[in-house]
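[1] got a sequence here, can you model it:
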Amino acid sequence: MNRFWWLNPWAEVRRLRESCFALNRNWCDALATLEDREAENAELKRRVRELENEPWPF
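    Coordinates of the predicted model:
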């Protein structure tokens, strides 16, 4: 927090608001990445189950 926030309180409000938006954007990006990884993991697990059920080629 700015030491002299009381000189220009609206600038401090704007700065805090922008930092909150940046944190929210980072959080949303992280959540989307996690969802992508979970979907990829589910696909890999499904593929492993398919391969386990296939007969050996020899």
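[2] secondary structure element for F21?
    Taking DSSP states H and E as the criterion, F21 maps to helix 9-53.
[3] just how off-centre is that helix within its chain?
    2 Å (Cα atoms, centre = their mean, to the nearest Å).
[4] quick check: mean pLDDT of it?
    Helix 9-53 shows a mean pLDDT of 91.
[5] pull out the buried residues from stretch 49-57.
    By 16 or more other Cβ atoms under 10 Å, stretch 49-57 has no buried positions at all. For the C-beta atoms, the positions are set from N, CA and C on the backbone; glycine is no exception.
[6] what residues does that stretch touch?
    Applying Cβ atoms under 8 Å, 6 or more residues apart in numbering, stretch 49-57 has no contact partners.
[7] run the chain-centre distance for it.
    From the chain centre to the centre of stretch 49-57 is a distance of 35 Å (Cα atoms, centre = their mean).
[8] span of it from start to end?
    From its first residue to its last, stretch 49-57 covers 17 Å (Cα to Cα, to the nearest Å).
[9] please renumber the chain so that the first residue is 5 from this point on.
    Shifting the count to begin at 5 puts that one at stretch 53-61.
[10] any idea how far N12 is from R19?
    10 Å (Cβ to Cβ, to the nearest Å).
[11] now R50
    Where N12 is concerned, R50 sits at a distance of 57 Å (Cβ to Cβ).
[12] ok, now L27?
    If you go by Cβ to Cβ, the gap between L27 and N12 works out to 22 Å.
[13] residues near E47, how many?
    10 (other Cβ atoms under 10 Å).
[14] middle-most residue in this protein, spatially?
    Most central in the chain under Cα atoms, centre = their mean is A34, positioned 1.0 Å from the mean C-alpha point.
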